[in-house]
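Novice: Attaching a predicted model along with its sequence, questions to come.
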Amino acid sequence: MTKYSNEVKTLINSRYNIVKDEHQCVDCLHVFHDTHYYRKFSHLRNCEKQSEATAQIIEQVLGSSELATNPDAADTHTLLPKKKSRKISHHIPAPTLGDASSEPISTQYTSEITDALVTFLISAHLPFSVVENHEFKEFLQAIRPAYAAVAPNQEYLESTYRST
């Protein structure tokens with residue numbers, strides 16, 4: 001995971017109102033319920049209501065020595081945690097008419113799908129609450145009913161994957 005110096009953490013946090021576990025962007029008032037610096041920094045860079053003060057903080061962070069040594073530092077993807085390349089060990093079969101791939105799946109495979117889901121949600125800057133969305137649940141049901149039946153809820157994702 002990307003490690004930030006205390007100076008950079010202070011700069012990032014200066015653009016958030018922090019009360020308990022809630023970090024609220026001072027520009028658009030978006031609330032984060034986690035403390036992932038890479039996620040908060042990425043939000044600042046892409047905030048639709050970015051103020052001049054926030055733009056200056058972004059310049060300072062990107063110009064800091066820990067990021068300046070990486071020529072791709074301006075790219076948001078370099079600020080995401082580096083994960084070991086991990087491929088899902090099972091091929092997810094495409095359902096055919098009359099086959100909705102509803103056969104039970106292993107606990108390990110369920111974990112691999114959940115890890116891939118969490119990686120997607122974090123890298124796309126989507127809240128864990130997406131998994132509670134009715135259309136998302138219908139999507140899971142359409143592509144893999146066996147996973148839809150055991151897919152994690154928002155509470156589980158937040159308690160398991162929240163940064164401490």
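Specialist: Noted; the coordinates are in hand. In this text, all values refer to a predicted model and were calculated from it rather than measured experimentally.
Novice: Can you list the neighbours in contact with stretch 26-36?
Specialist: By Cβ atoms under 8 Å, 6 or more residues apart in numbering, the surrounding residues in contact with stretch 26-36 are 15-17, 21-25, 39-40, 43-44, 47-51, 54, 122, 158, 162-164. (C-beta placed from N, C-alpha, C; glycine too.)
Novice: Go again with 6 Å.
Specialist: Outside stretch 26-36, the residues within contact range by Cβ atoms under 6 Å, 6 or more residues apart in numbering are 15, 21-24, 47, 49-51, 54, 162-163.
Novice: before we move on, what SS does residue 49 have?
Specialist: Here residue 49 is recorded as coil under DSSP: H, G, I helix; E, B strand; the rest coil.
Novice: Now do the contacts for it.
Specialist: Contacts for residue 49 (Cβ under 6 Å, 6+ apart) come out as 27-28.
Novice: Ok, residue 110 next?
Specialist: residue 150.
Novice: Secondary structure element holding it?
Specialist: Residue 110 belongs to helix 107-123 when elements are defined using DSSP states H and E.
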